[in-house]
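Asker: Here you go, sequence then predicted model.
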Amino acid sequence: MPAAVEKDSDAGSSGGLKDCAVVTIGTELLLGQIVDTNACYLAEALAEAGLRVRLRIAVGDEIGEIVDALRVALDRCALVITTGGLGPTLDDLTREAVAAVAGVPLEFREPLMADIEAIFKRYGYHMAENNRRQAFVPQGAEAVRNPVGTAPGFICRIGDKAIACLPGVPRELKVLFPSTVLPWIRRFFRLPEQVLFYRTLKTVGIGESQVDQSIGDLIKPGGDPEIGLLASEGEIKIRIAVRAGDREGALQRIAPVEEEIRSRLGRRIFGLDEETLESVIAALLTSRGLSLSILESFTSGTAACLVSRVDDFPLGEAQVIRSKASLMAWDQCREQNPGDRTSRSRPWEEADLRRFAAAFLSRSNADVALMILGCPERDAEGWQVDAHAIVADRTDLWKAFSWHMGGTCATLRSRGAVTGLNTLRLALLERTDPAAR
């Protein structure tokens with residue numbers, strides 16, 4: 001049985017209003033017992049359809065709070081979409097709340113009851129009497145029948161605005177929204193057949209403020225294409241978005257903007273869209289027929305964990321040196337003067353790093369080594385580390401990068417792993433194209 005709206009009516013005269021709100025209902029959301037993935041899914045799907053999500057509200061299973069949330073949302077937006085609160089128990093109150101906001105009673109729908117009974121029969125379960133509550137919707141609402149669960153949805157028009165209510169189970173929501181509710185929204189708003197298309201450029205080794213300085217003149221709210229920045233641990237994403245009737249037209253409009261951004265940021269851009277730093281490195285190694293071994297100290301195997309997420313990553317060996325004493329043992333071949341007790345604490349130099357790389361590669365069966373080394377020390381401000389990333393093969397030290405950073409142990413691990421992997425990426429690119437240095 002395909003999902004269907006029980007009855008349909010003429011599109012509303014929304015006057016071009018295209019703002020909407022998402023209200024997710026359930027006390028478990030407020031307690032942090034589950035992650036609200038529904039709101040993220042709906043926000044992205046609505047944006048792609050040409051609607052702006054202006055407001056997001058999470059509210060518990062209390063009738064007064066749900067009513068208040070719906071009224072606030074309706075006051076600011078032409079469309080409100082809710083998820084959750086459509087189950088059979090007494091704390092499932094979305095139906096009652098919407099009816100109160102609309103000023104109408106609930107009414108029983110026999111076709112919905114038949115659908116619910118059919119679901120129980122299909123799975124061989126006994127239907128409890130309280131499941132009859134799910135066949136009630138606000139008077140005059142358009143029922144959204146649910147072929148994959150026992151919680152039907154509904155759409156209730158209130159003047160030239162509307163509330164669309166969907167089940168909270170993500171699997172059910174992702175069936176009903178695109179197949180039934182979104183087409184209704186398109187008719188209601190008389191939306192053109194356009195989609196939001198975007199391309200994401202990913203940078204590493206540069207902060208958000210530096211990216212903004214480089215391309216800030218291109219970032220104009222409401223521009224076409226529209227450019228936005230999203231900062232996350234270890235990388236900055238540059239999103240270029242356009243609305244177009246088809247993918248080809250969108251790409252044509254994105255292309256000159258993307259070219260300009262690439263010309264300014266160069267090799268700081270490591271990937272596109274779904275690519276990750278580790279997947280890009282895997283492609284570089286594989287295309288060159290190389291395998292990799294990794295030695296880590298303060299990053300505690302974080303870099304190895306990242307690359308292991310990539311299917312068929314050419315990883316030969318991963319080793320972690322957990323203690324400062326073990327790391328210093330790698331320094332046993334450092335040249336020292338007899339009786340000089342201070343030479344071991346002097347900063348590592350390139351000659352030392354070459355010896356580290358040679359010692360590690362002699363124990364490894366890989367073609368290339370990445371070493372991320374450092375001994376964190378604690379001070380009054382937290383943890384500090386003088387870090388080193390070393391890339392070498394059996395004949396040469398390709399690249400060595402040293403830096404200082406501070407923060408929590410988790411921050412040192414994540415930033416160190418990303419910096420080390422990016423050093424490897426740049427080394428592989430420079431090995432092929434020396435002009436890229």
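Answerer: Happy to help now that I have it. Numbers count the residues shown, from 1 in each chain.
Asker: how far does stretch 235-249 sit from the chain's center?
Answerer: Put simply, stretch 235-249 sits 16 Å off its chain's centre (C-alpha atoms, centre = their mean, to the nearest Å).
Asker: Give the rounded mean pLDDT of that stretch.
Answerer: The pLDDT scores in stretch 235-249 average 86.
Asker: again, but for stretch 73-89
Answerer: Mean pLDDT, stretch 73-89: 95.
Asker: likewise stretch 419-431?
Answerer: Per-residue pLDDT over stretch 419-431 has a mean of 94.
Asker: what residues does it touch?
Answerer: Around stretch 419-431, the neighbours that count as contacts under C-beta atoms under 8 Å, 6 or more residues apart in numbering are 204-205, 267, 270, 277-278, 280-281, 284-285, 288, 292, 296, 299, 303, 306-307, 368, 370, 372, 387, 389, 391, 398-399, 401, 403, 436-437. The way it works is simple: take the backbone N, C-alpha and C, and place the C-beta from them, glycine included.
Asker: so where's the chain uncertain?
Answerer: Residues of the chain meeting the criterion pLDDT under 70: 1-17, 194, 323-348, 432-437.
Asker: and the contacts of stretch 419-431, which are buried?
Answerer: For these, a neighbour count by 16 or more other C-beta atoms under 10 Å gives the buried set as 204-205, 267, 270, 277-278, 280-281, 284-285, 292, 296, 299, 303, 306-307, 368, 370, 372, 387, 389, 391, 398-399, 401.
Asker: Quick check: the gap between Asp312 and Ala49.
Answerer: Distance, Asp312 to Ala49, by C-beta to C-beta, to the nearest Å: 37 Å.
Asker: Who has more neighbours out of those two?
Answerer: Ala49 (19 against 7; other C-beta atoms under 10 Å).
Asker: for the more buried one, what are its contacts?
Answerer: Applying C-beta under 8 Å, 6+ apart to Ala49 gives the contacts 182, 185-186, 191, 195-196.
Asker: got a markdown table for those, with neighbour count and distance to Lys237 too?
Answerer: Below are those laid out as a markdown table (neighbours: other C-beta atoms under 10 Å; distance: C-beta to C-beta, whole Å):
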| residue | neighbour count | distance to Lys237 |
| --- | --- | --- |
| Leu182 | 19 | 26 |
| Ile185 | 24 | 28 |
| Arg186 | 16 | 29 |
| Leu191 | 16 | 27 |
| Val195 | 16 | 20 |
| Leu196 | 18 | 16 |
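Asker: Show me which of those is closest to Glu248.
Answerer: Nearest to Glu248 among the contacts of Ala49 is Val195, at 12.0 Å by C-beta to C-beta.
Asker: Now do the contacts for the closest one.
Answerer: 48-49, 243-245, 250.
Asker: if we go to 7 Å?
Answerer: If you count contacts by C-beta atoms under 7 Å, 6 or more residues apart in numbering, Val195 has them with Glu48.
Asker: swap in Thr302?
Answerer: 413-414, 417.
Asker: Now the buried members of those.
Answerer: Taking 16+ other C-beta under 10 Å as the criterion, what is buried in the contacts of Thr302 is 413-414, 417.
Asker: Just the ones of those residues in helices?
Answerer: Counted as lying in helices by DSSP state H, out of the buried ones among the contacts of Thr302, are 413-414, 417.
Asker: Mind putting these into CSV with distance to Gln213?
Answerer: Converted to CSV, those look like this (distance: C-beta to C-beta, whole Å):
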residue, distance to Gln213
Arg413, 28
Ser414, 24
Ala417, 26
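Asker: Go through the residues you listed and name the one nearest Ala43.
Answerer: For those, the nearest to Ala43 is Ser414 (26.7 Å; C-beta to C-beta).
Asker: my guess is that closest one contacts Gly234, does it?
Answerer: Yes - Ser414 lies in contact with Gly234 (C-beta atoms under 7 Å); the separation is 6.2 Å.
Asker: Could you check how many residues crowd around Asp367?
Answerer: By other C-beta under 10 Å, 17 other residues sit near Asp367.
Asker: and what of Leu230?
Answerer: Leu230: 12 neighbours (other C-beta under 10 Å).
Asker: Confirm that Gln28 sits in a helix.
Answerer: Careful, residue 28 is Glu; it's not Gln. Yes - per DSSP: H, G, I helix; E, B strand; the rest coil, Glu28 lies within a helix segment.
Asker: Roughly how far does it sit from Glu96?
Answerer: As defined by C-beta to C-beta, Glu28 lies at a distance of 19 Å from Glu96.
Asker: same deal with Leu42?
Answerer: 22 Å.
Asker: Likewise for Trp398?
Answerer: Trp398 is 67 Å from Glu96, by C-beta to C-beta.
Asker: same thing with Gly249?
Answerer: According to C-beta to C-beta, Gly249 stands 46 Å off from Glu96.
Asker: Can you pick out the residue with more neighbours from those two?
Answerer: Applying other C-beta under 10 Å to Gly249 and Glu96 shows that Glu96 carries more neighbours, namely 18 against 14.
Asker: my read is the more buried one is in a helix, agree?
Answerer: Yes - assessed by three-state DSSP, Glu96 belongs to a helix.
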